[in-house]
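Novice: Got a predicted model here, sequence first, then my questions.
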Amino acid sequence: MSVDDPGSTRNKAAGILGTFLIAFLNVAAILTAVVFISEAFVLRQPEGLEAVAHVESAKADELVKRGYYPAGVEVDPYKQFEVLDRHPVYGWFWATDENGRVRPQRTPVVTIDENGFRTTGGPRADDNPSNKPLAFVIGGSSAFGYRASGDKTTLVAYLNNVQTALFFINAGVNGWASSQELLRLQHQIVSFSPKLVISFTLGNDLERTLEELDEGGGTIEDYAYWIAPRTSAVVETFLSGHFPAFERWLRPKPSHEILQAAVEHQVDEFISNQEQMAKIARDNGFRFVTVIHPMTMTHDNVTIEGPYPDLYRLAVERALDTDYCHRNCLDYSDVFDQFFETIPVFFEDYAYPAVDQSVDPATVVFADQCHLLDRGNAIVAKKLAGDLNLALREPQSP
């Protein structure tokens, strides 16, 4: 039996440690170089940060190439509306000025007025020449009309075209969940004395919950933003391409049981928020209705289902089985199955075109797993207009 010399063992350990440190320093040096070059090169371009936005918006360029947006739109017109300002009440909201007031924004595709509402083509969302009773649609990006070709092709704009009883105002905000809808109803919308408020909702509550768990300790995207916030897209592309194992290290996968329990808890929170909004409506004399918006995960006939379809379907079933939803919910989660045997989805996982080049976006319903193109908005608006008699029934006691 041989006995290793202690000095030899220490030398081996030191050699292994030295090799590891050299490898680590090499990776760090490469990463530093990537960050430095990307920051120095990209931000010195005339477009500045817009150049970074252009890199990050490549996923939507296919809609631009196919002429879906108005002439002259050359990059993703929604990218600038994805990064919102911090807000003391809502968490985040549209860009504000130095006094904290919403800064009106107008592009060829999106107009946001000083109240933070998306308009239907004019400078103000509440420009109501016929003095009709007001109705609001609140929610996240699905309510806002993310991926509509313009202000006149959102769900709210179509609602104003297909019915005459009410004047609808778009109060959707990208990324918002039901807790933020509740706050906006309390702090702003009640003051407009509406006759009806519709919460077009649920997807963000679920997506936020699943993403927070599924991402575990973070993603390459999060890490890239942490080390190089201005050029994170460049760094993320480099890391994903050269160090794919880094992503697995950052993202421990939770069990399906944990995800299901989290979704069930979130649905209960969602229903609680809806009940609080319904109570505010009763106390202030208007009607409140929850519309569970369409998602690919809850459709049978879609070409791309999306992540966790079983959990999304479970969530919808759990919500619909509540006393609240028996009185106040309209289920549009699978609304397109009744119209189409095959429902194409334009983008796979929000990013990659999944329909043939010959397909006109005007014929496609879903932009991605949670957002509608113009045709989808028009179909939902027509159905919702037909359900307005149901939605405008006298509020029932809890």
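Specialist: Received, thanks.
Novice: the helices in the stretch 1-150 of the chain, which residues?
Specialist: Applying DSSP state H, counting those that start in this stretch to the stretch 1-150 of the chain gives helices spanning 6-42, 49-56, 61-65, 141-144.
Novice: among those helices, which gets the worst mean confidence?
Specialist: If you rank the helices of the stretch 1-150 of the chain by mean pLDDT, helix 49-56 sits at the bottom with a mean of 39.
Novice: can you give me phi and psi for F117?
Specialist: F117 has phi and psi values of phi -100, psi 140 when expressed as degrees, to the nearest 10.
Novice: residues contacting the residue lying closest to it once chain neighbours are set aside?
Specialist: Nearest residue to F117 in three dimensions, chain neighbours excluded: A125, at 3.5 Å (C-beta to C-beta, 6 or more residues apart in numbering). C-beta coordinates here come from the backbone N, C-alpha and C atoms, glycine included. Residues near A125 by C-beta atoms under 8 Å, 6 or more residues apart in numbering: D113, N115, F117, R118, T119, I169, N170.
Novice: how much space between the third one and R184?
Specialist: Counting by C-beta to C-beta, to the nearest Å, the gap between F117 and R184 amounts to 10 Å.
Novice: how deep is R375 tucked in, by neighbour count?
Specialist: R375 has 17 neighbours, counted by other C-beta atoms under 10 Å.
Novice: In three-state terms, label it for me.
Specialist: Of the three states, R375 takes helix under DSSP: H, G, I helix; E, B strand; the rest coil.
Novice: Just the pLDDT for it.
Specialist: At R375, the model reports a pLDDT of 97.
Novice: Same check on V267?
Specialist: V267 carries a pLDDT value of 97.
Novice: Verify the contact between it and R318 for me.
Specialist: Yes: look at V267 against R318 with C-beta atoms under 8 Å: they come within range, at 4.6 Å.
Novice: When those two are compared, which one has more neighbours?
Specialist: When V267 and R318 are compared for neighbours, V267 comes out ahead with 23 against 17, by other C-beta under 10 Å.
Novice: Next up, the contacts around the more buried one.
Specialist: The contact partners of V267, by C-beta under 8 Å, 6+ apart, come to D205, L206, A315, R318, A319.
Novice: and the gap between it and Y312?
Specialist: With distances taken as C-beta to C-beta, V267 is found 11 Å from Y312.
Novice: which residues are in contact with both of those two?
Specialist: Common neighbours of V267 and Y312, using C-beta under 8 Å, 6+ apart, are L206.
Novice: Quick check: pLDDT value at the residue nearest to F117.
Specialist: pLDDT for A125: 85.
Novice: backbone phi and psi for it, please?
Specialist: With angles defined as degrees, to the nearest 10, A125 sits at phi -70, psi -30.
Novice: what about it, distance to D310?
Specialist: Relative to D310, and taking C-beta to C-beta, A125 is found at 38 Å.
Novice: before we move on, what about L330?
Specialist: With the distance defined as C-beta to C-beta, L330 ends up 23 Å from D310.
Novice: between these two, which one's more packed in?
Specialist: In this view L330 and D310 are compared by other C-beta under 10 Å, and L330 has more residues nearby, 19 against 12.
Novice: Tell me if that one really is in a helix.
Specialist: No: counting by three-state DSSP, L330 is not found in a helix; it is strand.
Novice: Grab the nearest non-local neighbour of it.
Specialist: V291 (4.7 Å).
Novice: do E74 as well
Specialist: Nearest one to E74, counting by C-beta to C-beta, 6+ apart, is V64 at 6.3 Å.
Novice: so that neighbour touches V75, yeah?
Specialist: Yes: the pair V64 and V75 qualifies as a contact (C-beta under 8 Å) at a distance of 6.7 Å.
Novice: Which of the two has more residues huddled nearby?
Specialist: The neighbour count for V64 versus V75, taken as other C-beta under 10 Å, is higher for V75 (19 against 15).
Novice: For G140, list the residues it contacts.
Specialist: So G140 contacts G172, V173, N174, G175, W176, A177, T201, G203, N204 (C-beta under 8 Å, 6+ apart).
Novice: Just the ones in helices from the residues you listed, please.
Specialist: Counted as lying in helices by DSSP state H, out of these, are G203, N204.
Novice: need the contacts of G140 in JSON lines with neighbour count and pLDDT, can you?
Specialist: Listed next are the contacts of G140 as JSON lines, based on neighbours: other C-beta atoms under 10 Å; pLDDT from 0 to 100:
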{"residue": "G172", "neighbour count": "24", "pLDDT": "98"}
{"residue": "V173", "neighbour count": "28", "pLDDT": "97"}
{"residue": "N174", "neighbour count": "19", "pLDDT": "95"}
{"residue": "G175", "neighbour count": "17", "pLDDT": "93"}
{"residue": "W176", "neighbour count": "27", "pLDDT": "96"}
{"residue": "A177", "neighbour count": "23", "pLDDT": "96"}
{"residue": "T201", "neighbour count": "26", "pLDDT": "95"}
{"residue": "G203", "neighbour count": "25", "pLDDT": "94"}
{"residue": "N204", "neighbour count": "25", "pLDDT": "95"}
